[in-house]
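[1] Okay, here's the prediction I keep looking at, along with the sequence it came from:
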Amino acid sequence: MRKTLTVAFFIAFLGSSLATLAQQDPQFSQNMFTKLSVNPGVAGSNDAICATLLYRNQWTGFGGEPKTMLFTADMPLDLLHGAVGLSVYAADNLGVEKNLNLRGAYAYRADLGSGRIGVGVDLGYHQKSMDGSKFVYNDVGDQSIPLNSVSGGTFDLGFGAYYNTDQLYVGISAQHLTEGDIKYSNITTSLARHYYLMAGYNVDLTSSLTLKPMVMLKSDAVSTQADFNANLWINNRFWVGGSYRLQDAIVLMAGLEIIPNLKLGYSYDLTTSDIKTYSSGSHEVMLGYCFKTNKVVKRQFHRNVRFL
C-alpha cells in the first residue's frame, strides 16, 4: 500500500506540469560535518586535509524514501592563496528518481581580525535520472510518463563566504545560482536556488568538556527550514548531542574519535511530522578524517653588518 501511494505521488507530480521545480537539496542531521557541501567558502577553514563520507537513510520504512551518500574533501593550497574542495552527492535516491551532483570548489582565504575569512565558488554538474519502468499506472500511453530509464544534466554554480576563529564561525551561501534546466524525455526540471546561513560557537565548560551549539537556516525562497543543534565534546574525543528541526524531527547523535584524526558519528531522527505514522525514523552515519600537515619552514639568510 505504501509503495502504491509513493508511485501515485510521482505520477501526479509528473502529470501536473512538464516544467517543474527541483525539490529541496538533501538534508543532513550531522550538518556540522558537511558544511563544505553547501558553502564553498568553508574550504581550507580547518587548515588541514579533510575528507568526510556520510550516508543517510531518511524516513525508513516509508517506501521510496530518500537515501543519500555524500563525500566531501578539502585542503589548503598556499600556491593559490586559498584552498580547494570537492563535493559529491554520489547516491541521492528518491523513489524512481536519482540525483548526481559533482562540484569542485575554490576559496580565497585571508586574515580578518582574530580569525580568517574564506570567499569561495564551486562549479559542477547536476544530473537527474528516472527509471520509468518502475511506474505502475492505469493510463497507458501517457506521453508525459517515460517507459524506461531517462536522464539529463546541467551546469551548476554556487557561492559562499565563511568566517571562523578558534571559537566562532559564521557562513552564508547560495547554491544552484544559474537555476539550470534539466531535460530528459518530455520532462523539464529547473533547479531551484537555495540559500544557507550557519553559525556556531565553542563554549569551554571545563578543561575536558566543550559545548558546541550550531544553527543552520536553509531556504529555496518558497519554504524555509531551521536546524538547532548542540554537541557536548568530552576530552575532544567523544561527543553526544541533539538537534531540533522545525516541524520535522528531534535528532539524537553521538560519536567518537576511533584513532587519531579518524571520527565516526551516528544520528537518529525521531520524526515529528505526519510522516511519523509511516516511518520508523531516519538514520545517518558519518566517517571523517582530518589531519594537519607540517609546513616546511623556508630558510632565510640575512647579512650581519658586524661581519662584512
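    That came through fine.
[2] Sheet partners, orientation included, of the host helix or strand of K263?
    In this structure, K263 sits in strand 262-271 according to DSSP states H and E. According to DSSP bridges, strand 262-271 forms sheet pairs with strand 249-259 (antiparallel), strand 282-291 (antiparallel).
[3] of all these, which lies closest to L80?
    Comparing these by their distance to L80 (C-beta to C-beta), the top pick is strand 282-291, with 20.1 Å. (C-beta placed from N, C-alpha, C; glycine too.)
[4] Let's see the closest one as PDB, backbone CA atoms only.
    C-alpha atoms of strand 282-291 as PDB (Å, rounded to 0.1, in the frame of the first residue of the first chain):
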ATOM      1  CA  SER A 282      15.900   8.400   9.900                       C
ATOM      2  CA  HIS A 283      19.400   7.000  10.200                       C
ATOM      3  CA  GLU A 284      22.700   8.700   9.400                       C
ATOM      4  CA  VAL A 285      26.300   7.500   9.600                       C
ATOM      5  CA  MET A 286      29.400   9.800   9.200                       C
ATOM      6  CA  LEU A 287      33.000   8.900   8.800                       C
ATOM      7  CA  GLY A 288      35.500  11.800   8.800                       C
ATOM      8  CA  TYR A 289      39.300  12.000   8.500                       C
ATOM      9  CA  CYS A 290      41.300  15.300   9.000                       C
ATOM     10  CA  PHE A 291      44.900  15.900   9.600                       C
END
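[5] Can you list the buried residues in that strand?
    Neighbour-count burial for strand 282-291 flags S282, E284, M286, L287, G288, Y289, C290 (criterion: 16 or more other C-beta atoms under 10 Å).
[6] min pLDDT across those, which one?
    In terms of pLDDT, the lowest of those is S282, showing 91.
[7] right, and that residue touches G61 too?
    No. Taking contacts as C-beta atoms under 8 Å, S282 lies outside contact range of G61: 10.4 Å.
[8] Could you pull out the buried residues of stretch 105-125?
    By neighbour count on 16+ other C-beta under 10 Å, the buried set for stretch 105-125 is 105-109, 116-122, 124.
[9] farthest-separated two in the residues you listed?
    Greatest spacing in the buried residues of stretch 105-125, by C-beta to C-beta: R116 and G124 (24.8 Å).
[10] quick revisit: restricted to helices, list the buried residues of stretch 105-125.
    Among the buried residues of stretch 105-125, none falls in helices (DSSP state H).
[11] residues touching the closest residue to H283 other than its chain neighbours, list them.
    Setting aside the residues directly before and after it, H283 is nearest to N57 in space (C-beta to C-beta, 6 or more residues apart in numbering), at 4.9 Å. Contacts for N57 were tallied using C-beta atoms under 8 Å, 6 or more residues apart in numbering; they are E65, K67, S282, H283, E284.
[12] Can you check the pLDDT for N57?
    Per the predicted model, pLDDT is 89 at N57.
[13] Kindly report the same for the one 4 residues further on.
    According to the model's per-residue confidence, G61 sits at a pLDDT of 71.
[14] how about it, secondary structure?
    Here G61 is coil, with the state taken from DSSP: H, G, I helix; E, B strand; the rest coil.
[15] which residues touch R193?
    A174, Q175, H176, L177, E179, D220, A221.
[16] quick one, what contacts the closest residue to H81 other than its chain neighbours?
    Of all residues not flanking H81 in the chain, Y108 sits nearest, at 6.1 Å (C-beta to C-beta, 6+ apart). Y108 makes contact with H81, G82, G118, V119, G120, according to C-beta under 8 Å, 6+ apart.
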